[in-house]
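**Q** A structural model of the following input is requested.
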Amino acid sequence: MTKRVPLRMCTGCREMKPKAELVRVVKLPGGVISLDLVGKAPGRGAYVCMSAACLKRSRKTRALERAFSSPVSEELEALLLAQMPEEKE
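**A** Predicted coordinates for the structure are as follows:
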């Protein structure tokens, strides 16, 4: 019997992908929004693919801000972009 893989939706491309392929952004109970690299922090979570294109699309549509019902800082977006692997053209 195979183990079920948990799927989550990317806020940028809106595709369902395995949880391990996504970066989790979490709004902690105190209202602070931060990265959750381990994926176990308490609070409301939203996911983004590990691609700069998905992050750009998520920022353009304000998907993270809608998911958390509060503004997302530019520092957090820069930190998210730093987590993305370099794309080869």
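**Q** So what's the residue count around Arg59?
**A** The tally of other residues near Arg59 (other Cβ atoms under 10 Å) stands at 19. C-beta coordinates here come from the backbone N, C-alpha and C atoms, glycine included.
**Q** OK, contacts around it?
**A** Counting by Cβ atoms under 8 Å, 6 or more residues apart in numbering, Arg59 touches Glu77.
**Q** Helix or strand: which one has it?
**A** Assigned by DSSP states H and E, Arg59 belongs to helix 52-61.
**Q** Where does the prediction get shaky in this structure?
**A** Applying pLDDT under 70 to the chain flags residues 86-89.
**Q** What segments of it are helices?
**A** Under the criterion DSSP state H, the chain carries helices at the ranges 52-61, 63-68, 74-83.
**Q** May I have the second one as CSV, with CA atoms only?
**A** Taking Å, rounded to 0.1, in the frame of the first residue of the first chain, the C-alpha atoms of helix 63-68 are listed here in CSV:
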residue,chain,number,x,y,z
ALA,A,63,-3.1,36.3,-3.5
LEU,A,64,-1.0,36.2,-0.3
GLU,A,65,-2.6,39.3,1.1
ARG,A,66,-6.1,37.9,0.4
ALA,A,67,-5.2,34.6,2.0
PHE,A,68,-4.1,36.4,5.2
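**Q** And that helix, what's buried?
**A** Neighbour counts over helix 63-68 (16 or more other Cβ atoms under 10 Å) mark 63-65, 67-68 as buried.
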